[in-house]
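Novice: only geometry, no sequence info:
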DNA sequence: CCGCCGATCTGCTGTGAGCAGAATCGGGTG
DNA sequence: CACCCGATTCTGCTCACAGCAGATCGGCGG
């Protein structure tokens, strides 16, 4: 159950940094939440109104969920899109090298 | 140029709060960035490797961009996915009534 | 009036979202 | 060992929509 080989198709990637993709980080966060609640895929999926297979794929970053799906899964897990997005942002920051952890605004302040 | 009538199809919405959708808030943030830089749709879209029409639709929350597209547009605007996601989270928080602005963890601390 | 420009609309096609069924995996029991 | 079961992942399929090209719109200047 350890597989994270997302097929990267990057049509116009202009950033040289190898950032993870939104769906990957989102998926990991959703799975983390589900596991904190000690829930099965089928339970959360049922409440979210989607199939367990699909939830599995979302969690593993294999599929790109629509915004409504994101909202549905978040709701099923009892979290808001606000908190979810905040946590994804934090996860993104934590997944990067030290330099990237400085917010861009702080960098601008240093430059000024 | 004031139209935000996103067609909401909410298959399993379990949260009673009328939260905006991820793509809507993301799109607004992307447009805000582009305008800060006083760029045309065509310029940013060119650098991102997508069509101007499509960028327009992304910005207006009409289309669900893939994670790679999000990364490409962010890159074209010179921002990281980290900062972008952080800002979307902040925008989400700012778009909600007062109570929703309190992070969930702070609420748990108050309950304890 | 016309032409130009930026943004949005419209219609189209290929791709992938989302699913059902099959397969795999891990754990337990006799 | 074989067998069973539940949970998760894999596989193949259909159709909705992502992404685009061409058309249209509104504003501006000559």
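Specialist: Nice, I can see it. Predicted model, so just to flag it, every value in this text is computed and none were measured.
Novice: Helix, strand, or coil at residue A:71?
Specialist: Following DSSP: H, G, I helix; E, B strand; the rest coil, we place residue A:71 in the helix state.
Novice: Would you agree residue A:80 is in contact with residue B:19?
Specialist: Yes. Between residue A:80 and residue B:19 a contact is recorded at 6.6 Å, counting by CB atoms under 8 Å. Every residue, glycine included, has its C-beta placed from N, CA and C.
Novice: Get me the contact residues on chain A for DNA strand D.
Specialist: Residues of chain A lying close to DNA strand D by CB under 7 Å from any atom of the strand are A:1, A:3, A:40-42, A:52-53, A:56, A:59-60, A:62, A:66.
Novice: Greatest separation within those residues: which pair is it?
Specialist: A:1 and A:66 (25.6 Å; CB to CB).
Novice: Between the two, which is the more surrounded one?
Specialist: More crowded of residue A:1 and residue A:66, by other CB atoms under 10 Å in any protein chain shown: residue A:66, with 15 against 4.
Novice: Does the nearest residue to that one once chain neighbours are set aside belong to a helix, a strand or coil?
Specialist: Using CB to CB, 6 or more residues apart in numbering or on different chains and skipping residues adjacent in sequence, the residue nearest residue A:66 is residue B:64, 5.2 Å away. Assigned with three-state DSSP, residue B:64 falls in the coil class.
Novice: quick revisit: just the ones in helices from the residues of chain A next to DNA strand D, please.
Specialist: Of the positions in those, A:41-42, A:52-53, A:56, A:59 sit in helices, assigned by DSSP state H.
Novice: got a winner among those for most neighbours?
Specialist: Neighbour max across these (other CB under 10 Å) = residue A:59, 25 neighbours.
Novice: Surely that one and residue A:30 touch.
Specialist: Yes. Taking CB under 8 Å as the definition, residue A:59 is a contact partner of residue A:30 at 5.4 Å.
Novice: For chain A, give me the ranges with low pLDDT.
Specialist: Where chain A drops to pLDDT under 70, the residues are A:1-18, A:97-112.
Novice: Only the buried residues of the helix or strand where residue A:32 lies, if you could.
Specialist: Taking DSSP states H and E as the criterion, residue A:32 maps to helix A:22-36. Using 16 or more other CB atoms under 10 Å in any protein chain shown as the test for burial, helix A:22-36 gives A:22-31, A:33-34.
Novice: Please list the outside residues in contact with it.
Specialist: A:4, A:6, A:41, A:44, A:58-65, A:70, A:73-74, A:77, A:79, A:84, A:87-88, A:91-92, A:95, B:66-67, B:70-71, B:81, B:85 (CB atoms under 8 Å, 6 or more residues apart in numbering or on different chains).
Novice: Against residue A:46, how distant is residue A:91?
Specialist: Relative to residue A:46, residue A:91 is positioned 26 Å away (CB to CB, to the nearest Å).
Novice: okay, these two: which has more neighbours?
Specialist: The residue with more neighbours, out of residue A:91 and residue A:46, is residue A:91; 19 against 16, by other CB under 10 Å.
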